[in-house]
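Engineer: Okay, here's the prediction I keep looking at, along with the sequence it came from:
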Amino acid sequence: MGDTMVKVTLDLSRLLQEGQITGEEHDRLARLGRRDTGSLLVNALVGFGVVAVSAGTVALLPSVLTAIPLGLVLMAVGAWLVLSGRARWGVLATMLVLVAALLLGASILMLSAGMTGLDSAPDAEAQPLLGMQAALLLVAALFAGSAILAGSGLLIALAVLLLSATIGSGAAYGHAFYALGVEQPLATILAFSALAAAAHATAPRLRPAGERLANIAARTALLLVNLGFWVGSLWGDDAGWIRRVLGRAIPDDAFSIAWAAALLGAAVWAGRTNRRWLVNLACVFGGIHFYTQWFERLGATPLSLFGGGVLMLAFALGLWRLNEGWAGNGAAREQA
């Protein structure tokens, strides 16, 4: 078993006042803290300098022929800092790997779309080496590997989101316009439920850093599962493979009922196992589901607004009482 690094935050002044540490211990720990803070500041300044230089280089030479070599160099330096065990430069190493992964990932996706630069338009006649599906999988693998290397939660979440893009999920933004797209709700629900379950089952067997990444992957997957249910509850799912298997589309009511049942089951299980994040997720999407169906069926009238508010307050009161009951049962078990 390898050594586990644990970071602890202490209020040295309070510990000194309470007599938990001596004056000499206070001064020694304060000096160590100042040294670590200074190292962190140097890491951050160097890292932001690298990010600025990289962004400026790509802006001056907006081509994948610039971004790819630059990304490879940054990735090599970041990987060397991580693998050499230079803990003092950990923040810089993480920033280098993050920037390198984003540069390389963006370059791969641009090439697969027939683009050779930031200021170029897609070439419809170009024959890219990789199709878009393969490029998305490659970049997802790149982000996942980089996340493991640098311990980056952002990259592991982006890797999961890129996997969702392979089955048609995505988002768009325009002037005063936001859009969420899930082309295959059922496929999204099934695929990312399986991913969340696998990540959740694997997490306890990993070291703390790996467990953290697995939990982030599971949570991101659960977010996508709920988005799939949300879109399905509005429009159903008419994917070709569903018609071939079932002979008909899946109606929106089926998604609505299944989503409500899944949210209720997740909330109960999460409450009993003290998984606060999942409780919050179930409550947030439970509210979204409730108001979506309420106003889809009744419309936004004064009466529907009043009734929806009353029911949501009743739901919140019931959830509060349920949490109080769980807390009381937990305290009783501890006293026993």
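Structural biologist: Yep, that arrived.

Engineer: Do me a favour and get the backbone dihedrals for residue 130.
Structural biologist: Dihedral angles of residue 130 (phi, psi; degrees, to the nearest 10) stand at phi -120, psi 140.

Engineer: number of nearby residues for the closest residue to residue 78 other than its chain neighbours?
Structural biologist: Spatially, and ignoring its direct neighbours in sequence, residue 78 is nearest to residue 96 (3.2 Å; Cβ to Cβ, 6 or more residues apart in numbering). Bear in mind the C-beta positions are built from the backbone N, C-alpha and C, glycine included. Under the neighbour criterion other Cβ atoms under 10 Å, residue 96 is assigned a count of 27.

Engineer: correct me, but residue 96 touches residue 74?
Structural biologist: Yes - assessed by Cβ atoms under 8 Å, residue 96 is found in contact with residue 74 at 4.9 Å.

Engineer: Which secondary structure elements does the helix or strand hosting the residue nearest to residue 78 sit against?
Structural biologist: Using DSSP states H and E, residue 96 falls within helix 90-112. With contacts taken as 3 or more Cβ pairs under 8 Å, 6 or more residues apart in numbering; DSSP states H and E, helix 90-112 sits against helix 23-60, helix 64-83, helix 132-150, helix 153-165.

Engineer: Confidence-wise, which of those helices is weakest overall?
Structural biologist: Among the helices and strands packed on helix 90-112, helix 23-60 has the lowest mean pLDDT, at a mean of 62.

Engineer: From residue 172, how far off is the residue minimising distance to the centre of the chain?
Structural biologist: The centre of the chain sits closest to residue 157, judged by Cα atoms, centre = their mean, with a distance of 3.6 Å. Distance of residue 157 to residue 172, given as Cβ to Cβ, to the nearest Å: 19 Å.

Engineer: try residue 78
Structural biologist: The value you get for residue 78 to residue 172, if Cβ to Cβ is used, is 31 Å.

Engineer: go on, residue 230?
Structural biologist: Going from residue 230 to residue 172 by Cβ to Cβ gives 16 Å.

Engineer: between the two, which one's more packed in?
Structural biologist: residue 230 (19 against 9).

Engineer: Show me what whatever helix or strand that one lives in is packed up against.
Structural biologist: For residue 230, the element it lies in under DSSP H and E is helix 208-235. Counting contacts by 3+ Cβ pairs under 8 Å, 6+ apart, helix 208-235 is packed against helix 132-150, helix 153-165, strand 169-174, strand 177-182, helix 185-202, helix 252-272, helix 276-298.

Engineer: Tell me which other helices or strands the first one touches.
Structural biologist: Packed against helix 132-150 by the contact rule (3+ Cβ pairs under 8 Å, 6+ apart) you find helix 64-83, helix 90-112, helix 153-165, helix 208-235.

Engineer: Residue 182 is nearest to which of these?
Structural biologist: Nearest to residue 182 among the helices and strands packed on helix 132-150 is helix 208-235; the distance by Cβ to Cβ comes to 4.1 Å.

Engineer: The closest one to strand 169-174, inter-axis angle?
Structural biologist: Helix 208-235 and strand 169-174 are oriented at 80 degrees to each other (axes from the mean of the first three to the mean of the last three Cα atoms, to 10 degrees).
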